[in-house]
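1. coords please:
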Amino acid sequence: MANLEHLSHDWNVDGDVASRPLRKIEFDDETLRDGLQSPSVTDRSIEDKLQILHYMNAIGIDNADIGLPGAGVHVQKTVERLAREIVEQKLSVYPSAAGRTHENDVRPIIEISQRVGIAIEADLFIGSSPIRQFAEEWELDWIIQQSGKAVRFAVENGIPVMYVTEDTTRAKPEDIEKLYIAAMDAGATRICIADTVGHATPWGTRNLVRFVRGIVDRVNPAVKVDWHGHEDRGLGVINSIAALEAGADRVHGSAAGIGERVGNTPMDRLMANLKLMGWIDNDLTMLPEYVKFVARVTGVGLDDRYPVFG
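-> As a prediction, this is how the structure comes out:
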């Protein structure tokens, strides 16, 4: 076939362009946890969740958040079944489970991990912004103490920790620094910047990630940085790309962008764009089937005009 590149000029590669990160881009899929936190989303059977897990594995998702065991016995059973599937089927996707920075939420993660035989990452979260501190009547010193105690408890029991500061994009720089240093000192191997209410712009994302990256590189360069975005302003995908450019190691999202309020960053659209940009080489053959399956079984549907997959 004749070379037809001369028929199109690509302005995307002219002049000042975002450079591909030197580090491997990692993905954390929140479809089975944060993605289900919406009254518009139908919780699914364990069979559907297992299928979703296998789709994640097929498209090269690095980590799957498989639930919040502290919510009760019913969630603990689901988390254990999903973790057991990963072990028994030798899936490459790695499991994590969410929890508050409290031993009561960490303990079931430890127990499930021991029964299944895989060190499930504990994604421990707590609010960090002034408005969250005001609403919860929390003092910063208490947040720091509570965070360190929970992280240390998980690490001492053989569980890797991603420490998540909720509402980071509206938090004070000095508070973020204190919280992350305390978490790293307690043994956290990842820290997560959360745009919990979709407040950030791409340049705000870049500023914040660079700031956090500087803290990590100074205190413990081995710790990895995650970005967790929401779609309140419709900026989930571009903010995730900005976060990667600024130094984030892993970005979060959910299939079809399902989740609380207007949803999480759409993992499918994010991966498709990164593939077109040449930033990832994942085999995305199963990506259309994945997003359409999730949209169908959760009852959210895909609008005909949904980007890429509609």
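
2. Residue 161 contacts residue 149, doesn't it?
-> No: counting by CB atoms under 8 Å, residue 161 does not reach residue 149; the two are 12.0 Å apart. C-beta here means a position set from N, CA and C on the backbone, and glycine is covered the same way.

3. Of the two, give the one with the bigger neighbour count.
-> Under the criterion of other CB atoms under 10 Å, the comparison of residue 161 against residue 149 puts residue 161 first, with 29 against 15.

4. Distance check, the more buried one against residue 305.
-> From residue 161 across to residue 305, the span is 40 Å (CB to CB, to the nearest Å).

5. same question, residue 39
-> As judged by CB to CB, residue 39 and residue 305 stand 24 Å apart.

6. Next: residue 211.
-> Applying CB to CB, the value for residue 211 to residue 305 is 37 Å.

7. can you pull out the helices in the stretch 101-250 of the chain?
-> All helices of the stretch 101-250 of the chain, identified by DSSP state H, counting those that start in this stretch, fall at 103-116, 130-136, 140-156, 173-186, 202-219, 236-246.

8. how far out from the middle of the chain is the fifth one?
-> I take that to be helix 202-219. Helix 202-219 sits 17 Å away from the centroid of its parent chain (CA atoms, centre = their mean, to the nearest Å).

9. buried set for that helix?
-> With burial defined by 16 or more other CB atoms under 10 Å, the residues of helix 202-219 counted as buried are 202, 205-209, 212-213, 215-216.

10. who's in contact with that helix?
-> Helix 202-219 has contacts (CB atoms under 8 Å, 6 or more residues apart in numbering) with 168-169, 173, 176-177, 180-181, 184, 191, 193, 195, 200, 223, 225, 227, 229, 235, 238-239, 241-243, 245-248.

11. Sort out which of those residues are buried, if you could.
-> With burial judged by 16+ other CB under 10 Å, the buried subset of these is 168-169, 176-177, 180-181, 184, 191, 193, 195, 200, 223, 225, 227, 229, 235, 238-239, 241-243, 245-248.

12. residue closest to the middle of this structure?
-> residue 252 (2.9 Å; CA atoms, centre = their mean).

13. which residues touch residue 188?
-> By CB under 8 Å, 6+ apart, the residues touching residue 188 are 151, 155, 161-163, 223.

14. Residue 31 against residue 266, yeah?
-> No: look at residue 31 against residue 266 with CB under 8 Å: they stay out of range, at 10.5 Å.

15. coming back round to it: ok, the contacts of residue 188 vs residue 310, which is closest?
-> residue 162 (32.5 Å; CB to CB).
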